[in-house]
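> Could you look at this predicted model? Sequence included:
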Amino acid sequence: SERLLPFLQEHLANRAARLHPYPELIEIDELTTLFYEHLGDIRDLFVREYYQSELSLRNIAVALELRENAEPFKGKLIPMGEAYEQITRETSEDFGLSDSFPYIRRLIPLFREPDLTAREELIEDIRWEWLDERLGSDMFSSDFVFSYAVKLQSVERWDTLSVEKGDELFSELLNTVRRSVRFAIEFSKIEGTETAERKSNE
């Protein structure tokens with residue numbers, strides 16, 4: 001167990017001792033909460049910010065679902081993060097989150113409708129938008145590879161749920177890669193021309 005990540009070590013130690021630091025949560029949510037408690041152990045800023053974004057998105061979506069069904073929030077949200085604090089304090093339609101998380105305005109109408117697929121599609125779109133905005137034109141970093149892996153996992157998930165949506169996401173992912181490759185080729189040509197000109201001047 002000493003070779004496992006700290007949050008897993010803590011979870012296994014708690015299980016062995018029959019301890020439940022979050023007794024109101026089911027086990028998987030308790031494990032997820034421990035992960036977020038140890039999020040600072042991850043040195044990569046992009047990865048940390050991605051998981052923080054996922055936590056807020058997850059809590060917002062679950063809170064909207066619970067409210068629509070008149071269910072209490074207790075024991076159903078991950079008790080961490082900025083969005084959680086707002087959700088548990090505010091009673092307004094957007095939980096007072098529109099400024100910090102503008103996408104909630106797009107989610108609210110869908111959670112009044114019974115179309116679960118449409119909700120999931122929008123959540124996926126929000127996730128991809130966050131990745132694209134956060135990365136910008138940075139296509140030569142480990143962050144880009146991480147982003148690609150997250151998107152590929154999404155494609156695989158949707159391919160089992162909806163071939164049409166899976167194909168759509170896969171095409172979008174391929175287009176992203178094509179754009180990055182095209183940019184790399186053009187960048188190499190420019191760099192080669194500048195090198196040649198510099199050598200001729202020397």
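Arrived safely, thanks for sending. Numbers count the residues shown, from 1 in each chain.

> three-state assignment of the residue nearest the centre of the chain?
The centroid of the chain falls nearest to Glu54 when counting by C-alpha atoms, centre = their mean (3.6 Å). Of the three states, Glu54 takes helix under DSSP: H, G, I helix; E, B strand; the rest coil.

> Now do the contacts for it.
The neighbours of Glu54, taking C-beta atoms under 8 Å, 6 or more residues apart in numbering as the test, are Arg127. Yep, even glycine has a C-beta here, placed from its N, CA and C like the rest.

> just Arg67 next, same as before
Phe111.

> Excluding covalently adjacent residues, which one is nearest to Arg105?
Sequence neighbours aside, Ser98 is the residue nearest to Arg105 in space, at 5.9 Å (criterion: C-beta to C-beta, 6 or more residues apart in numbering).

> That neighbour in helix, strand or coil?
coil.

> Looks like it contacts Ile104 (just checking).
Yes. Using C-beta atoms under 8 Å, Ser98 makes contact with Ile104 at a distance of 5.9 Å.

> So which of the two has more stuff around it?
Set side by side, Ser98 and Ile104 show more neighbours around Ile104, with 24 against 14, by other C-beta atoms under 10 Å.

> distance of the more buried one from Ile26?
Remark: distance between Ile104 and Ile26 (C-beta to C-beta, to the nearest Å) = 25 Å.

> related to what we said a few turns ago, state the pLDDT value of the residue nearest to Arg105.
With respect to pLDDT, Ser98 scores 94.

> Repeat that for Asp44.
89.

> now Glu82
At Glu82, pLDDT is 86.
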